[in-house]
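[1] Got a sequence here, can you build the structure:
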Amino acid sequence: MGLSKTEETSLLLDEQLLQYMDQLESLQEKRSALNTLIEQGWFSLSKARYSMGNKQVSSLQYASEMEPQIFVQARAVENDALEFCTERITIQSPTERVQNTTSVEDIGPKEEGVRRRIKASKDMAEPEELVGASTENPSPTSTKPPSGSHRNNSDQNPQADPLKWFGILVPQTLKQAQSSFRQVIELSAEIATLQAAVLKTREEFRLALKLSC
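    This is a model prediction of the structure:
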């Protein structure tokens, strides 16, 4: 025998209520883990300030230009539910960006360099007096520094790892603080997703309860 409409509605309400309670329990566990990670992060940061000095770990060491390493995205999934996820990006240094953009354009300069070397080999047959005169009176362009030395400072990318803002050899406690706060970001996205699911389940339960009356 099939179930009556009242029994089907009661089973549906029971399933939604159990799902709602499970989601609340999971949400409570994740919030507790979030608070623990935040406490660990601040405690590790305070120990790093104690070992390095209060002025060495502060906002004064922040970079003048900062780029985010983690993006939070929201997307709609099945049943019109929202899902929040984190996406970590890898920031390239200026040298890597130049290499990636000019990797296809290396053919022309290489051929020109080959031609210059062939021409230079022909010019080696000139008299030694001309070579000595050219070394005694160098051209103004020979005093220019190489182009690579001018870009040593620009190749540095402190945004790649924020720990480098505070020095090269940072204590382990500062690394632990960074790891804790990174986990906080990822866990916050999971909590936001779960909280949206809890609200959606509650609204569905209320709607089903109204229809059963």
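[2] helix or strand right after the lowest-mean-pLDDT helix or strand in the chain?
    Among the helices and strands of the chain, helix 147-150 carries the lowest confidence by mean pLDDT, DSSP states H and E, at a mean of 39. Under the assignment DSSP states H and E, the closest C-terminal helix or strand after helix 147-150 is helix 172-212.
[3] How about residue 44: what's its closest non-neighbour residue?
    Nearest in space to residue 44, with sequence neighbours left out and distances taken as C-beta to C-beta, 6 or more residues apart in numbering, is residue 177 at 3.8 Å. Yep, even glycine has a C-beta here, placed from its N, CA and C like the rest.
[4] so who does that neighbour touch?
    The contact partners of residue 177, taken as C-beta atoms under 8 Å, 6 or more residues apart in numbering, are 41-42, 44-45, 48.
[5] Closest to residue 16 out of these?
    Nearest to residue 16 out of the contacts of residue 177 is residue 41 (C-beta to C-beta; 36.8 Å).
[6] Mind giving me the packing neighbours of whichever strand or helix holds the closest one?
    Using DSSP H and E, residue 41 sits in helix 5-52. In terms of contacts (3 or more C-beta pairs under 8 Å, 6 or more residues apart in numbering; DSSP states H and E), helix 5-52 is packed against helix 172-212.
[7] Which residues are in contact with the residue lying closest to residue 80 once chain neighbours are set aside?
    Excluding the flanking residues, the one nearest residue 80 by C-beta to C-beta, 6+ apart is residue 200, at 7.8 Å. Going by C-beta under 8 Å, 6+ apart, residue 200 touches 79-81.
[8] most neighbours, which of these?
    Greatest neighbour count in these, by other C-beta atoms under 10 Å, goes to residue 81: 14 neighbours.
[9] list the contacts for that one?
    196-197, 200.
[10] Tabulate those (TSV), appending pLDDT and distance to residue 36.
    As requested, those are arranged in TSV below (pLDDT from 0 to 100; distance: C-beta to C-beta, whole Å):
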residue	pLDDT	distance to residue 36
196	91	23
197	91	22
200	90	27
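[11] Tell me, how many residues neighbour the closest residue to residue 166 other than its chain neighbours?
    On the basis of C-beta to C-beta, 6+ apart, the spatially nearest residue to residue 166 that is not a chain neighbour turns out to be residue 61, at 5.2 Å. Each residue near residue 61 was counted by other C-beta under 10 Å, and the total is 14.
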